[in-house]
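Colleague: What follows is a predicted structure for the sequence shown.
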Amino acid sequence: MASINGARKKAAARNRAVERRNLITVCRFSVKTLIDRSCFETIDDASPEFINFVSILEQILSHRLKGQVSWFGYESPRSFWDYVRLACSKVPHSCIHSIESMENVRSSRAKGRAWIRVALMEKRLSEYISAALRDFKTTRRFYEDGAIMLGEEAGLLADTLIGLNAIDFSFCLKGEGLDGSYPAVIDYTPYLKFTQSSDSISSDEEEMRTLGSSGSEASTPESNMAASFRTDLSSWYSKYKRVEQKYRVVLEQKGYLEELVRLREAQLSESVSQNKALLQRFTEADISHKLEKEQLEYIILELQDQLTVLKNHDLRSRQELTSHLTNQWPSPGALDNNAVALDTLLYQKRSGPWEEKSFPSLDQLSADMSLSQLSLDPGHTHTRSLDGKTGLAHWHREGKEDTPSLRGLCGSLTSVASYKSLASLKSSEYLASPTTDMTSPGLTPS
């Protein structure tokens, strides 16, 4: 039983291989026939060679195509248009959408035939087949094992169809050729002609002469000359046929190579244009980078100059500030006199209750301190007493209340002698009690 199953599998595999080989070979012959016919006449829907080619291509695209399974589990036949519509949808500027929108073409088979005609007129049939073969996932989903579209023959098919780009096709998409009610039938008779070799022809001619000479011994010289003339004529005719066949083969190869050269030249020109565009972009980018680098270097130099100027300016400002503070710093003797004058001005005991002086401004405070210093001087005690009293009376007429809040700020108002004044405020030596008389050696408050 196992041997029978193995023999069946081998026979089925052989049948599939023979079928694939026959279809590919017949397709190659059909393409050559179309190229030969296009040299003498225009190819249209009525050409027998074109009808046979379309039938062969439909058989190849429908070879072992999976059926469509319905909801009830039944498998219905499917057209190759369903596969082409999905596999070729990503081809740029494809005709799939235009065929889908055709009103007079409704069935799947008719749409597939319309697609073949449109692709031939666009000279892109090989491009569509190659794009469909690259989508292996979709191809695997639509075809069974052993199909031509899943084998190595599919690549040969795409290469064979390139030669059709040299033909200018013209079709009517509203004719009867798009009718999908009947299947495509291949006519094999144009490709089954028996070609006799030259050795076989010469042996047949020798045999015919031998039979003629033995059967007609009483033949006249005229009949022999006629027989030899016919033999020579048939020999020349066979030679002419062989030469014509070789010429057609060479012509087909020439057309194929010319189309291949045009395709390669187009690809080369496109590559050259892309290379030029890339070189132009590279040059522009290089120039822009150089300009940007120069601008950044200039900006860096300018920032360095500005930083140097700022550093020099900061150094000069520090030196000027140091010299200014050094020049304004008083001598130690002046500090002692200022402290004593400040204590005298802040704490004075008068005949009435305890009063604290408040100074509206720094100028008045400095004036009062200068008056106090002059009052301490024996030579100026009597000459400056009246002016000091006048100034104090003027400060009291300002209308501001006396407040002890400036007591702690007296040192800050006298700038440099602040530490002395604050120390004098906190010291019991200089701080007088409000209930006792303040006595100071050699100092009489005015």
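Modeller: Looks like it came in fine.
Colleague: Walking through this structure, point out its strands one by one.
Modeller: Using DSSP state E, the strands found in the chain span residues 68-69, 75-76.
Colleague: Leaving out chain neighbours, which residue sits closest to residue 80?
Modeller: What sits nearest to residue 80 in space, not counting adjacent residues and going by C-beta to C-beta, 6 or more residues apart in numbering, is residue 61, at 3.8 Å. Quick note: C-beta positions are derived from backbone N, CA and C, even for glycine.
Colleague: actually residue 21, not the one I typed
Modeller: residue 153 (7.6 Å).
Colleague: same question, residue 174
Modeller: Nearest non-adjacent residue to residue 174 (C-beta to C-beta, 6+ apart): residue 104, at 5.6 Å.
Colleague: residue ranges with poor pLDDT in the stretch 51-200 of the chain?
Modeller: Along the stretch 51-200 of the chain, segments meeting pLDDT under 70 span 71-74, 175-177, 179-181, 193-200.
Colleague: one more time with 80, if that's ok
Modeller: 69-76, 174-183, 192-200 (pLDDT under 80).
Colleague: Might you report the residue contacts of the residue nearest to residue 80?
Modeller: 80, 83-84, 112, 149 (C-beta atoms under 8 Å, 6 or more residues apart in numbering).
Colleague: Quick check: residue 7 vs residue 64, distance?
Modeller: Using C-beta to C-beta, to the nearest Å, residue 7 is found at 21 Å from residue 64.
Colleague: Let me know the closest of the contacts of residue 61 to residue 53.
Modeller: Among the contacts of residue 61, residue 112 lies closest to residue 53 (C-beta to C-beta), at 14.3 Å.
Colleague: Around the residue nearest to residue 174, how many other residues sit close by?
Modeller: 10 (other C-beta atoms under 10 Å).
Colleague: Residue 55 contacts residue 116, doesn't it?
Modeller: No. Look at residue 55 against residue 116 with C-beta atoms under 8 Å: they stay out of range, at 10.6 Å.
Colleague: what's the longest helix in the chain?
Modeller: If you go by DSSP state H, the chain has its longest helix at helix 221-328.
Colleague: Give the other helices and strands that that one contacts.
Modeller: Judged by 3 or more C-beta pairs under 8 Å, 6 or more residues apart in numbering; DSSP states H and E, the packing partners of helix 221-328 are helix 2-38, helix 198-215.
Colleague: what angle do the longest one and helix 221-328 make?
Modeller: Yep, that's helix 2-38 we're talking about. Orientation of helix 2-38 against helix 221-328 (axes from the mean of the first three to the mean of the last three C-alpha atoms, to 10 degrees) gives an angle of 90 degrees.
Colleague: on that earlier part again, so between residue 7 and residue 64, which is more surrounded?
Modeller: Set residue 7 next to residue 64 and count neighbours by other C-beta under 10 Å: residue 64 wins out with 16 against 10.
Colleague: Check the gap between the residue nearest to the more buried one when sequence neighbours are not counted and residue 14 for me.
Modeller: Spatially, and ignoring its direct neighbours in sequence, residue 64 is nearest to residue 147 (3.8 Å; C-beta to C-beta, 6+ apart). Here residue 147 is placed at a distance of 16 Å from residue 14 (C-beta to C-beta).
Colleague: Residue 191 too?
Modeller: Distance from residue 191 to residue 14, by C-beta to C-beta: 22 Å.
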